[in-house]
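Peer 1: kindly generate the corresponding structure for this input.
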Amino acid sequence: MSETLTLESETMEFHKDLDARGLNCPLPILKAKKALAELESGQVLRIVATDPGSVRDFQAFAKQTGNALLSHIQQGTEFTFLMRRK
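Peer 2: This is a model prediction of the structure:
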């Protein structure tokens, strides 16, 4: 099953949703790592986090793991990330 996230200029499909709001480093990354492991190669995970450091953390996580950080958007105090499993 997949869902769709509509942004101002584009629509992105994702296969799994992770709510990491209220969690601080390193928990959003650890939960994302576990969620990505449950996906098949090429599937997309959506993560919603509130930790301002998560932007930097997910960029580094993508580089280290080879998973693609497709986008990150800030809406108020929430950060939404889309990652594709390698």
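Peer 1: can you map out the helices along the chain?
Peer 2: Secondary structure of the chain by DSSP state H: the helices cover 27-37, 54-65.
Peer 1: okay, buried residues for the first one please.
Peer 2: Yep, that's helix 27-37 we're talking about. By 16 or more other CB atoms under 10 Å, the buried positions in helix 27-37 come out as P28, I29, K31, A32, A35, L36. The C-beta positions use only the backbone N, C-alpha and C, and glycine is treated the same way.
Peer 1: ok, the longest one next?
Peer 2: By 16+ other CB under 10 Å, the buried positions in helix 54-65 come out as S54, D57, F58, F61, A62, T65.
Peer 1: before we move on, the earlier item: could you dump the helices of the chain to JSON lines with distance to R84 and mean pLDDT?
Peer 2: What follows is these, written out as JSON lines (distance: least, CB to CB, whole Å; pLDDT from 0 to 100):
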{"stretch": "helix 27-37", "distance to R84": "9", "mean pLDDT": "97"}
{"stretch": "helix 54-65", "distance to R84": "9", "mean pLDDT": "97"}
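Peer 1: need those helices in JSON lines (columns: distance to Q74).
Peer 2: Formatted as JSON lines, the helices of the chain follow (distance: least, CB to CB, whole Å):
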{"stretch": "helix 27-37", "distance to Q74": "14"}
{"stretch": "helix 54-65", "distance to Q74": "8"}
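Peer 1: can you tell which of these is closest to D19?
Peer 2: Smallest distance to D19 across those (CB to CB): 9.0 Å, for helix 27-37.
Peer 1: centre of the chain to that closest one, how far?
Peer 2: In terms of CA atoms, centre = their mean, to the nearest Å, the centre of helix 27-37 is set 9 Å apart from its chain centre.
Peer 1: and that helix, what does it pack onto?
Peer 2: On a contact count with 3 or more CB pairs under 8 Å, 6 or more residues apart in numbering; DSSP states H and E, helix 27-37 meets strand 16-20, strand 44-49, helix 54-65, strand 78-84.
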